[in-house]
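Participant: below: sequence and its predicted model.
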Amino acid sequence: MTDDDWKQRLPPETYRVMRAHGTERAGTSPLNGEHRQGLYACAACGAALFESAAKFDSGTGWPSFFAPLPQAVGTSADHALGMARVEVHCARCGGHLGHVFPDGPDPTGERYCMNGVALKFEPRGGAD
């Protein structure tokens with residue numbers, strides 16, 4: 001899809017985060033308080049990204065996971081803001097999701113710190 005296609009398809013804040021590599025304000029995502037079983041999918045293309053069993057409260061203000069689903073995400077070096085970080089993007093559409101840090105819990109020791117507007121929660125069974 002072209003950039004104009006994404007602008008038309010996504011809400012403005014989701015577009016800013018996913019296509020312009022923005023960050024939502026900490027503590028603003030309703031997904032921080034989501035504790036049901038289900039899947040977290042890409043808000044842009046719908047690809048399944050994270051299982052709810054991998055979600056944990058990192059205390060950072062963003063939905064956090066210790067592992068993505070197999071082959072669901074890609075990573076790249078991010079040197080913006082004068083620091084070295086590892087950016088996480090959707091493997092299907094390339095949308096920016098957040099960053100991964102090496103300070104997460106077992107079993108991986110990783111913290112996938114995701115922007116809530118880049119995710120769509122799908123409860124197990126499709127019902128609330």
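Facilitator: Looks like it came in fine.

Participant: put the alpha carbons of stretch 43-53 into CSV.
Facilitator: Presented in CSV, the C-alpha positions along stretch 43-53 are these (Å, rounded to 0.1, in the frame of the first residue of the first chain):
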residue,chain,number,x,y,z
ALA,A,43,-3.8,-2.8,14.0
ALA,A,44,-2.8,-2.1,10.3
CYS,A,45,-3.0,-5.5,8.6
GLY,A,46,-4.5,-7.9,11.2
ALA,A,47,-1.6,-10.3,11.4
ALA,A,48,-1.4,-12.1,14.8
LEU,A,49,1.6,-10.8,16.7
PHE,A,50,1.5,-11.8,20.4
GLU,A,51,-0.3,-14.4,22.6
SER,A,52,-1.9,-13.0,25.7
ALA,A,53,0.1,-15.6,27.8
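
Participant: which parts of that stretch are buried?
Facilitator: By 16 or more other CB atoms under 10 Å, the buried positions in stretch 43-53 come out as 43-44, 47, 49-52. Every C-beta, even on glycine, is put in place using the N, C-alpha and C of the backbone.

Participant: which residues in this protein form helices?
Facilitator: 3-9, 12-18 (DSSP state H).

Participant: dump those helices to a markdown table, plus mean pLDDT.
Facilitator: Below are those laid out as a markdown table (pLDDT from 0 to 100):
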| stretch | mean pLDDT |
| --- | --- |
| helix 3-9 | 94 |
| helix 12-18 | 97 |
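
Participant: Gly94 is nearest to which of the ones you listed?
Facilitator: helix 12-18 (8.9 Å; CB to CB).

Participant: go ahead and name everything in contact with the closest one.
Facilitator: Around helix 12-18, the neighbours that count as contacts under CB atoms under 8 Å, 6 or more residues apart in numbering are 6-7, 10, 22-24, 43-44, 95-97, 115, 117-118.

Participant: done for today, thanks.
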